[in-house]
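1. Sequence first, predicted coordinates after that:
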Amino acid sequence: MTAPTLEASAPTAALTRRDRCDRCGAQAYVRATIPATDGLDLLFCGHHFRAFEAGLVGSGATIHDERHRIDQESASD
């Protein structure tokens, strides 16, 4: 069981095809804002977010999750 994902309370700009995962360079579908770093944003693809989700949520990061778009974009290609 994974930790619950938090949604940003303030409106956050949607991620675009130009936003890339900070770990591997794939298209980013998740933005994690880390409060302990004065609001540093990290971008993740679905795979790398799953790998780091528990630690990010545990550290109090605010998560903006658009992974639902992965299947929608694949269907439209």
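-> Right, received. Where do you want to start?
2. pLDDT of stretch 13-28, averaged?
-> Average pLDDT, stretch 13-28: 96.
3. what's the answer for stretch 36-45, then?
-> 91.
4. The chain: helices as residue ranges?
-> Assigned by DSSP state H, the chain shows helices spanning 46-58, 69-76.
5. Enumerate the positions of the first one that are buried.
-> This means helix 46-58. The neighbour-count check on helix 46-58 (16 or more other CB atoms under 10 Å) flags 46, 48, 49, 52, 53, 56, 57 as buried. From N, CA and C alone the C-beta is placed, and that goes for glycine too.
6. for residue 52, what are its contacts?
-> Listed by CB atoms under 8 Å, 6 or more residues apart in numbering, the contact partners of residue 52 are 32, 44.
7. Now with 6 Å, please.
-> Listed by CB atoms under 6 Å, 6 or more residues apart in numbering, the contact set of residue 52 is empty.
8. same question, residue 44
-> By CB under 6 Å, 6+ apart, the contact list for residue 44 reads 21, 30.
9. Run a quick neighbour tally on residue 17.
-> Counted by other CB atoms under 10 Å, the residues lying close to residue 17 total 8.
10. any idea how far residue 27 is from it?
-> Per CB to CB, to the nearest Å, residue 17 is found 6 Å from residue 27.
11. Common neighbours of those two, please.
-> Residues touching both residue 17 and residue 27 by CB under 6 Å, 6+ apart: none at all.
12. How much space separates the spatially most central residue of the chain from residue 18?
-> Nearest to the centroid of the C-alpha atoms of the chain, with distances taken as CA atoms, centre = their mean, sits residue 30, at 1.5 Å. Noted for residue 30: a distance of 15 Å to residue 18, by CB to CB.
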